[in-house]
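Trainee: Sequence below, structure please.
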Amino acid sequence: MATKTQIYKEVLREYDALRTRKAAELRERKESLYARFPRLAEIEETLSMVGVSTAKLVLLHPEEREKAMTEMKQKQQVLQDERMALLAKNCLSPSLLKLEYACEKCRDTGYIEGTPCTCMRRRLMDRLYDQSNVRDVIKLENFDTFDLRLFDTEVVPAEGISPKENAQRNLKKAMEFAEHPEGENLLLYGGAGRGKTFLCNCIAKEVLEHGKTVLYLTAGQLFKQLEDMRFRNKEEEEPFDWDSEILDADLLIIDDLGTEFATMFTASELFRIVNDRKLRKRPVVISTNLDYRALMEQYSDRVMSRLIGEYTTLKFFGDDIRMKKKYR
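Mentor: Below is the predicted model:
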């Protein structure tokens, strides 16, 4: 898995390779055409020599610069007209002698006057999707496919609102967060199948489309990677630096917190991640099937202090949406 900086470097290397390939293709086309039509090669060489001889003349006699430039342009025009006539006579396109670009806007550099080109943003987006672990699922689970019709409209007395009204609130908050995730964290909690993971995927897709890096891991995957990294054999080959990625990704999503095998290690690592990302001002989204009481039993007071005091909480309740979708 690559960091955001590595992704940019890889994409820039792709552009370098693309330009090199296009230049090689142009050389091959020219060699083929010059072999068939030697006069084309002569015209090309003469055009180059006209420019060189004019430059020398201007250096030696700067007072004749204007006259020399005019004569050079006239000679070049005559040669270019001859080349066009030769190509037209043989039903050949002038583009065969020009460098082709995959993107005419940025000429395969990735930038237009210092601003990333559309093609650059598209390449970066593809890489970000690939490394976020959610490329396939977010095609189906995103804000456009969030179906409020799946939620009941009957008010739940203990909550004071219906599951549908609650889902609308959660959806609105999630969309606001995805648009500007900086400086906020989310804790999604409630029973299994109530839409928490779906909403996490919605957020992931939106943040990715804003060109940010998203690291999406289940709690089990997260702590397994950290455990392997902490307790690996020191003589083994250096592994991927999960610590750096977990702490530096623009958005970290931890799904199904509480399903991992709980130990002192997982509790301390969760606090470290939550605390360090807070210091770095990197947002976190956590989903869990556990309620507050169960979370307090499984994790330390200092973890819960962070989650309850510094996270915006979104509660999910109602029927199992997965079952509804399966049998509708």
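Trainee: can you list contacts of the strand or helix carrying residue 85?
Mentor: Assessed by DSSP states H and E, residue 85 sits inside helix 65-89. Residues outside helix 65-89 that contact it (CB atoms under 8 Å, 6 or more residues apart in numbering) are 37, 39-40, 43, 46-47, 50-51, 54, 57-58, 61, 93-94, 96-97. For the C-beta atoms, the positions are set from N, CA and C on the backbone; glycine is no exception.
Trainee: again, 10 Å this time
Mentor: For helix 65-89, the external contacting residues (CB atoms under 10 Å, 6 or more residues apart in numbering) are 33, 37, 39-40, 42-44, 46-47, 49-51, 53-62, 64, 92-97.
Trainee: if I look at the residue nearest to residue 318 when sequence neighbours are not counted, how far off is residue 144?
Mentor: Excluding its sequence neighbours, the residue lying closest to residue 318 (CB to CB, 6 or more residues apart in numbering) is residue 163, at 2.9 Å. For residue 163, the distance to residue 144 equals 21 Å [CB to CB, to the nearest Å].
Trainee: These two: which is more packed in?
Mentor: Between residue 163 and residue 144, residue 163 has the larger neighbour count (other CB atoms under 10 Å), namely 24 against 7.
Trainee: Tell me who's in contact with the more buried one.
Mentor: By CB under 10 Å, 6+ apart, the contact set of residue 163 is 148, 150-156, 190, 194-195, 316-319, 321.
Trainee: By pLDDT, rank those residues and give me the bottom one.
Mentor: Scanning these for pLDDT, the low point is residue 321. It has 81.
Trainee: So residue 30 belongs to a helix, correct?
Mentor: Yes - checked against DSSP: H, G, I helix; E, B strand; the rest coil, residue 30 lies within a helix.
Trainee: neighbours of it, just the number please.
Mentor: Residues near residue 30, counting by other CB under 10 Å, number 15.
Trainee: Over to residue 249?
Mentor: Other residues close to residue 249 by other CB under 10 Å number 24.
Trainee: Now do it against residue 213, distance only.
Mentor: Going from residue 249 to residue 213 by CB to CB gives 5 Å.
Trainee: Buried subset of the contacts of residue 163 as a PyMOL selection?
Mentor: Buried residues among the contacts of residue 163 (16 or more other CB atoms under 10 Å), as a PyMOL selection:
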select buried, resi 150+151+152+190+194+195+316+317+318+321
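Trainee: Which ones among the contacts of residue 163 lie within strands?
Mentor: 190, 316 (DSSP state E).
Trainee: List just the nearest of the contacts of residue 163 to residue 127.
Mentor: Closest approach to residue 127 among those (CB to CB): residue 195, at 28.8 Å.
Trainee: which ones are touching that closest one?
Mentor: 141, 146-148, 150-151, 163, 166-167, 170-171, 188, 202, 287, 314, 316, 318, 320-322.
Trainee: just the contacts of residue 163 now: which is nearest residue 8?
Mentor: Of the contacts of residue 163, the one sitting nearest to residue 8 (CB to CB) turns out to be residue 195, at 34.4 Å.
Trainee: what ranges do the helices span in the stretch 1-150 of the chain?
Mentor: Counting by DSSP state H, counting those that start in this stretch, the stretch 1-150 of the chain has helices at residues 4-36, 38-60, 65-89, 118-131.
Trainee: export those helices to CSV and tack on mean pLDDT and distance to residue 206?
Mentor: Shown next, in CSV, are the helices of the stretch 1-150 of the chain (pLDDT from 0 to 100; distance: least, CB to CB, whole Å):
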stretch, mean pLDDT, distance to residue 206
helix 4-36, 91, 17
helix 38-60, 87, 52
helix 65-89, 90, 50
helix 118-131, 77, 12
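Trainee: among these, which is the most enclosed?
Mentor: helix 118-131 (a mean of 17; mean count of other CB atoms under 10 Å).
Trainee: Please identify the buried residues of whatever helix or strand comes next after that one?
Mentor: For helix 118-131, the succeeding helix or strand toward the C-terminus, using DSSP H and E, is helix 163-179. Neighbour counts over helix 163-179 (16+ other CB under 10 Å) mark 163, 164, 165, 166, 167, 170, 171, 173, 174, 177, 178 as buried.
Trainee: Let me know the closest of those residues to residue 308.
Mentor: Taking CB to CB as the measure, residue 308 lies nearest residue 173 of the buried residues of helix 163-179, at 16.9 Å.
Trainee: need the contact list for that closest one.
Mentor: Contacts of residue 173 (CB under 10 Å, 6+ apart): 184, 186, 188, 199, 312, 313, 314.
Trainee: And those, which of them are buried?
Mentor: In these, burial by neighbour count holds for 186, 188, 199, 314, counting by 16+ other CB under 10 Å.
Trainee: List just the nearest of these to residue 293.
Mentor: residue 188 (16.9 Å).
Trainee: May I have the phi/psi pair for the closest one?
Mentor: When read as degrees, to the nearest 10, the backbone of residue 188 gives phi -100, psi 120.
Trainee: Next: residue 289.
Mentor: Per degrees, to the nearest 10, the backbone of residue 289 is at phi -90, psi -10.
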